[in-house]
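1. Mind folding the following:
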Amino acid sequence: MITVMGATGNTGKKITEALLEAGEQVRALGRSESKLAQLKRAGAEVLAGDTNDVAFLAKAFRGADAARITKPNTVRAKYVASRCRTRTRSGTSTFITANAT
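-> Sure thing, here's the model as predicted:
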């Protein structure tokens, strides 16, 4: 399972679609259930929630072999701290990060 945070954004959506086309199991994260609907129809497991919520992210990343996350252009201390706590709680070993543009 690969979890993709920001799966409805420009880059995240392309990555999610490519992973699904390659036969990977994907958990797509986003803020809007309606925007995630297309990815669900394509075969992704979808979760909508707040990316500043550590409990939501721990649930989203739990059981994932890898996670692709997008961080905002302006990195806030709260954002970074929540990701660190999430990694510890979820047990996911590989995180790939990218700046949002």
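
2. make it CA atoms for all contacts and neighbour counts henceforth
-> Fine.

3. quick one: the helices in this structure?
-> Per DSSP state H, the chain has helices spanning 10-21, 33-41, 54-61, 77-90. These are given in chain order.

4. Run the angle between the first one and helix 33-41 for me.
-> If you take axes from the mean of the first three to the mean of the last three C-alpha atoms, to 10 degrees, helix 10-21 sits at 30 degrees to helix 33-41.

5. Any chance you could give me helix 10-21 in PDB, C-alpha atoms only?
-> Taking only C-alpha atoms (Å, rounded to 0.1, in the frame of the first residue of the first chain), the coordinates of helix 10-21 have been written out as PDB:
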ATOM      1  CA  ASN A  10      -1.800  18.600  -9.800                       C
ATOM      2  CA  THR A  11       1.200  16.400  -9.000                       C
ATOM      3  CA  GLY A  12      -0.400  14.100  -6.400                       C
ATOM      4  CA  LYS A  13      -3.200  13.200  -8.800                       C
ATOM      5  CA  LYS A  14      -0.800  12.200 -11.600                       C
ATOM      6  CA  ILE A  15       1.200  10.200  -9.200                       C
ATOM      7  CA  THR A  16      -1.900   8.400  -7.800                       C
ATOM      8  CA  GLU A  17      -3.200   7.600 -11.300                       C
ATOM      9  CA  ALA A  18       0.200   6.300 -12.400                       C
ATOM     10  CA  LEU A  19       0.500   4.100  -9.300                       C
ATOM     11  CA  LEU A  20      -3.000   2.700  -9.900                       C
ATOM     12  CA  GLU A  21      -2.200   2.100 -13.600                       C
END
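
6. lowest-confidence stretch among the helices of the chain?
-> Averaged per stretch, pLDDT over the helices of the chain is lowest on helix 77-90, reaching a mean of 55.

7. And Lys14, how close does it get to Gly63?
-> Lys14 sits 22 Å away from Gly63, taking C-alpha to C-alpha, to the nearest Å as the criterion.

8. To clarify, my last question referred to Gly23.
-> 18 Å.

9. higher neighbour count, these two?
-> With neighbours defined as other C-alpha atoms under 10 Å, Gly23 and Gly63 compare such that Gly63 has more, 15 against 10.

10. I'd say that one and Val26 touch.
-> No: Gly63 lies out of contact with Val26 (C-alpha atoms under 8 Å); the separation is 11.3 Å.
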